[in-house]
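Asker: Pasting the sequence and the predicted coordinates here, then a few questions.
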Amino acid sequence: MGRIMRSLKTKSYILVTPAKNEEDNLPLLAKSVVNQTIRPKLWVIVNDNSTDGTGEIISYLESKYPWILGVHLQDSDGKYDPVFRNSVTYRAGLRVALNYMKNNALPFGYIGIVDADFILERKFFEKLLNVMGRSPKLGIVSGGVYIKKKGKLVWERSNPKFPRGSPRLIRFECFFDIGGYPFEPAPDLISYYLARIKGWDTLQVVDAISVELRATGSRGNVFKRYKKQGFVNYYIGVPLLSEILYGIYISVFHDPKRGIGLLVGYLESFGKKRIKKKYVQEFLRYDFTLSSLISKGISQETLSLRNTIVKQN
């Protein structure tokens with residue numbers, strides 16, 4: 001391994017959160033971050049063209065906590081591309097965070113990302129950092145995502161080897177090994193594959209509890225969201241037969257709007273460009289081949305991938 005990895009010398013981390021019209025949720029997330037047993041060295045919150053009180057909340061947090069910085073994006077309508085929005089907002093926040101840490105000579109070993117519609121248990125990041133500290137090959141680790149049902153917390157069941165898109169930690173060395181945060185329609189999914197290609201392990205720490213205030217895929221028009229997801233699946237190289245099978249599965253066992261939207265978005269994307277990283281396509285195809293799906297029993301791993309992709313976009 002050569003010289004000792006920076007991430008093995010410290011539990012310090014930076015954190016980035018995009019927030020668009022999150023005046024109801026952001027204060028709850030902020031309270032849970034402030035109360036972490038291991039706080040971030042720096043938390044950058046990106047105000048993504050909000051039209052509610054999100055900007056004022058960020059300004060208040062900045063004034064109260066010197067380790068919180070706000071970034072305020074104001075895009076013209078012509079420049080606002082929802083397909084790449086997750087990449088744009090996270091990259092904007094990470095750029096500010098990385099420059100701040102460099103300019104102030106502040107060491108850190110991990111990069112954290114968390115969406116604004118989460119509440120984290122007090123030991124959330126402590127649990128992730130402890131796991132990563134024990135396993136230097138772990139490049140990306142997320143917590144478990146829980147939702148409230150009938151007053152009880154229920155884990156959104158997914159493959160524990162597959163980290164959720166948010167909230168997650170990326171090891172300093174892994175982050176730069178994969179080229180930083182990708183500018184892609186599904187950046188967290190692409191990060192996952194790039195990390196695997198580079199030889200890093202990944203994990204979901206199920207007992208690190210993050211409570212999602214909105215159920216996965218519930219924000220906005222369901223049909224439009226899954227239509228967009230169909231495009232993402234086409235873009236990253238999911239085989240046609242796998243997409244059809246999953247669209248049927250979603251339609252029969254969950255919601256016809258979701259399944260139909262997924263298939264419409266995928267089929268309408270034929271002829272459009274796909275991800276340029278061909279090695280990612282080749283690596284991904286193994287997870288979505290028919291034989292792989294059958295061997296996994298319609299694939300708990302595949303279902304977790306779908307859940308994560310939908311959440312990310």
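Answerer: Yes, it's here. Worth saying up front: this structure is predicted, and the values here are computed from it rather than measured.

Asker: So the spatially closest residue to residue 11 that is not a sequence neighbour: helix, strand or coil?
Answerer: With sequence-adjacent residues excluded and distances taken as Cβ to Cβ, 6 or more residues apart in numbering, residue 11 is closest to residue 129, at 4.7 Å. For glycine as for every other residue, the C-beta is placed from the backbone atoms N, C-alpha and C. What DSSP: H, G, I helix; E, B strand; the rest coil gives for residue 129 is helix.

Asker: Quick check: buried residues in the biggest helix by length in the chain?
Answerer: For the chain, the helix with the greatest residue count under DSSP state H is helix 85-103. Buried residues in helix 85-103, defined by neighbour count with 16 or more other Cβ atoms under 10 Å: 85-94, 96-98, 101.

Asker: Packing partners of the next helix or strand after that helix?
Answerer: For helix 85-103, the following helix or strand on the C-terminal side (DSSP states H and E) is strand 110-113. Using 3 or more Cβ pairs under 8 Å, 6 or more residues apart in numbering; DSSP states H and E, the elements in contact with strand 110-113 are strand 13-19, helix 85-103, helix 124-134, strand 168-171, helix 172-177.

Asker: Sheet partners, orientation included, of strand 110-113?
Answerer: Strand 110-113 has these partner strands in its sheet, going by DSSP bridges: strand 13-19 (parallel), strand 168-171 (antiparallel).

Asker: Kindly reformat the helices and strands packed on strand 110-113 as CSV containing distance to residue 276 and mean pLDDT.
Answerer: Formatted as CSV, those follow (distance: least, Cβ to Cβ, whole Å; pLDDT from 0 to 100):
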stretch, distance to residue 276, mean pLDDT
strand 13-19, 24, 98
helix 85-103, 14, 95
helix 124-134, 30, 97
strand 168-171, 22, 98
helix 172-177, 19, 97
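
Asker: Nearest to residue 271, out of those?
Answerer: With Cβ to Cβ as the criterion, residue 271 lies closest to helix 85-103 of the helices and strands packed on strand 110-113, at 23.0 Å.

Asker: could I get the closest one in CSV with only the CA atoms?
Answerer: Listed next in CSV are the C-alpha coordinates belonging to helix 85-103 (Å, rounded to 0.1, in the frame of the first residue of the first chain):
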residue,chain,number,x,y,z
ARG,A,85,-28.8,18.2,-11.8
ASN,A,86,-27.6,15.9,-9.1
SER,A,87,-24.1,16.1,-10.6
VAL,A,88,-24.2,19.9,-11.0
THR,A,89,-25.3,20.5,-7.4
TYR,A,90,-23.0,18.0,-5.7
ARG,A,91,-20.0,19.1,-7.8
ALA,A,92,-20.6,22.7,-7.0
GLY,A,93,-20.6,21.9,-3.3
LEU,A,94,-17.6,19.7,-3.4
ARG,A,95,-15.6,22.3,-5.4
VAL,A,96,-16.2,24.8,-2.6
ALA,A,97,-15.5,22.3,0.1
LEU,A,98,-12.3,21.0,-1.4
ASN,A,99,-10.9,24.5,-2.1
TYR,A,100,-11.8,25.6,1.5
MET,A,101,-10.0,22.7,3.1
LYS,A,102,-7.0,23.1,0.8
ASN,A,103,-6.7,26.9,1.3
